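> Just the structure for this:
(one chain, ligands or ions: 1)
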Amino acid sequence: MIRVAIVIGSTRPGRKAEAVARWVHDLAQKRTDASFELVDLADYNLPLLDEPFPPSTGKYTKDHTKAWSATIASFDAYVFVTPEYNHGPSGALKNALDFLYREWNDKAAGFVAYGSAGGTRAVEQLRLVLSELQVAHVRNQVALSLRTDFENFTVFKPADHHEKTVHGMLDQLVAWGGALAHLRAARAAKPAP
Ligand SMILES: Cc1cc2nc3c(=O)[nH]c(=O)nc-3n(C[C@H](O)[C@H](O)[C@H](O)COP(=O)(O)O)c2cc1C
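Residues are numbered from 1 along each chain as shown. Down below sits the predicted model:
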């Protein structure tokens, strides 16, 4: 059974990301086709990328990078719960993606976004970034509206229909996460270049 991380993609005090991620996690817990865990960027205290070597070398010098690497390497697929900041994802999430390379390769990703236009512009940018990291991003995505899924733009109260969309996204994510397992295994069996 594959392991899926639900990544809380905002570190802002008062963030909405945590409530959204917990809702996704609760829905995911009803499934038996994968195991699901919350991963909170705020727990890793990543500074702006401060490694001297490119992440593709895997030469990590900082304890925070090693801890983040170990967490991300242990999962087969990711759900990125992302806000939209200036039509892109949060800087914290982009920075966390930039820190690593091999750990992301040949994995699968899905998105749960929120914003005035469902966070869709942030997801489009994330898709570009994840393509470079060799992550297979699934088509189905969850687009939550700040106007209709948050009472007074604040308290998270998702419309019922989103539940089906979450499962539609997870169906594709679990399928691709599993399908790519043989690529990950073949790479792990090869000696490092
Ligand atoms: C710096 C910044 C830029 C924002 N830009 C956008 C935007 O371009 N589009 C949008 O829909 N919402 C935008 N918002 C509103 C956020 O979607 C909203 O504040 C949301 O709660 C942020 O997620 P978080 O609370 O999990 O950090 C912006 C918020 C911030 C703080």
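
> Show me which positions of the longest helix along the chain end up buried.
The residue-count maximum for a helix in the chain (DSSP state H) belongs to helix 162-179. Neighbour-count burial for helix 162-179, counted by 16 or more other C-beta atoms under 10 Å, picks out 162, 165-166, 168-170, 172-174, 176-178. Using the backbone N, CA and C atoms, a C-beta is placed for each residue, glycine as well.

> where does the chain have low pLDDT?
Within the chain, the segments meeting pLDDT under 70 span 192-193.

> Show me the longest strand that occurs in it.
strand 135-145 (DSSP state E).

> Return the residues of this protein in contact with the ligand.
10, 12, 15-17, 83-87, 115-117, 146 (C-beta under 6 Å from any ligand atom).

> cutoff 5 Å now
10, 12, 15-17, 83-87, 115-116 (C-beta under 5 Å from any ligand atom).

> so which of those comes closest to residue 96?
residue 10 (11.0 Å; C-beta to C-beta).

> my guess is that closest one contacts residue 91, does it?
No - using C-beta atoms under 8 Å as the test, residue 10 is too far from residue 91 to be in contact (9.9 Å).

> Neighbour count for these two, which is higher?
residue 10 (25 against 13; other C-beta atoms under 10 Å).

> Excluding residues flanking it in the chain, which one is nearest that one?
residue 17 (3.7 Å; C-beta to C-beta, 6 or more residues apart in numbering).
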